[in-house]
Structure formats: C-alpha cells, structure tokens
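Asks: Next comes the sequence, and after it the predicted model I'd like to discuss.
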Amino acid sequence: MIRVLLPMQLCTLANVGREVELQVEGSASIATVLDALEAQHPMLRGTIRDQVTLQRRPFIRFFICGEDISQGAPTNPLPDEVASGKQPIRVVGAMAGG
C-alpha cells in the first residue's frame, strides 16, 4: 500500500482525508501512483498532471523522504520506504508571485 499526502484543496475536491492509500500494480513509480490515484478519484484528473500529455503541472512538486523528486522521470522506481508504505509521497502545490 502506497501512501500519498495531498494538499488540502485536492482533499476537498476529492472528498478524502489528508492521506490516501493506494494499491499500485507492478513497479511503483510516480506515474503508476498517479494512474492509481486518478483511477480511484477521477475528479483529480487534470489537477496534478495534464490529462493529455501526463506531464506534471508547473506548480506541483513531489517530495519523498524530504527530497524533491519533481524533476526526475515519472517512471523512475520509488524507494523501498515508499513502496512499502513506511514513507508517504507528499504532493505539494508550490506558490509563486510577489
């Protein structure tokens, strides 16, 4: 079971708690986790990544074990701590402006 912590706005949109648990088939990566998240909560399609290109939205970041992995390939395997459910994936909406 993979744990995903969502920003409050997405929790409200999907009508879920702060943490979502997902079952991922095969090798766990950001891409497969987002596939499972969008399949379980279709209202999140297009909020974290583009629906057509499947590219991460510009102001969305992914953190694992305190490290920003947003710039890595979405198909990179996740660490064992995340795949086993010991550590969550944190989805963070970055802020910009001045």
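Replies: Received, thanks.
Asks: Please report the distance of Ala39 from Phe59.
Replies: 23 Å (CB to CB, to the nearest Å). C-beta: built from backbone N, CA, C; applies to glycine.
Asks: Check the burial of Ser29 by counting its neighbours.
Replies: 19 (other CB atoms under 10 Å).
Asks: So what sits opposite it in the bridge?
Replies: Applying DSSP bridges to Ser29 gives these bridge partners: Pro77.
Asks: That one against Gly72, yeah?
Replies: No - when contacts are counted by CB atoms under 8 Å, Ser29 is not listed as touching Gly72 (9.6 Å).
Asks: what are the ranges of the helices in the chain?
Replies: With DSSP state H as the criterion, the chain has helices at 8-14, 30-40, 80-83.
Asks: If you count contacts, what does the first one end up packed against?
Replies: On a contact count with 3 or more CB pairs under 8 Å, 6 or more residues apart in numbering; DSSP states H and E, helix 8-14 meets strand 89-93.
Asks: mind listing what the closest residue to Ile30 other than its chain neighbours touches?
Replies: Leaving aside its chain neighbours, Ile30 sits nearest to Pro74 (4.4 Å; criterion: CB to CB, 6 or more residues apart in numbering). Counting by CB atoms under 8 Å, 6 or more residues apart in numbering, Pro74 makes contact with Ser29, Ile30, Ala31, Leu34, Leu54, Arg56.
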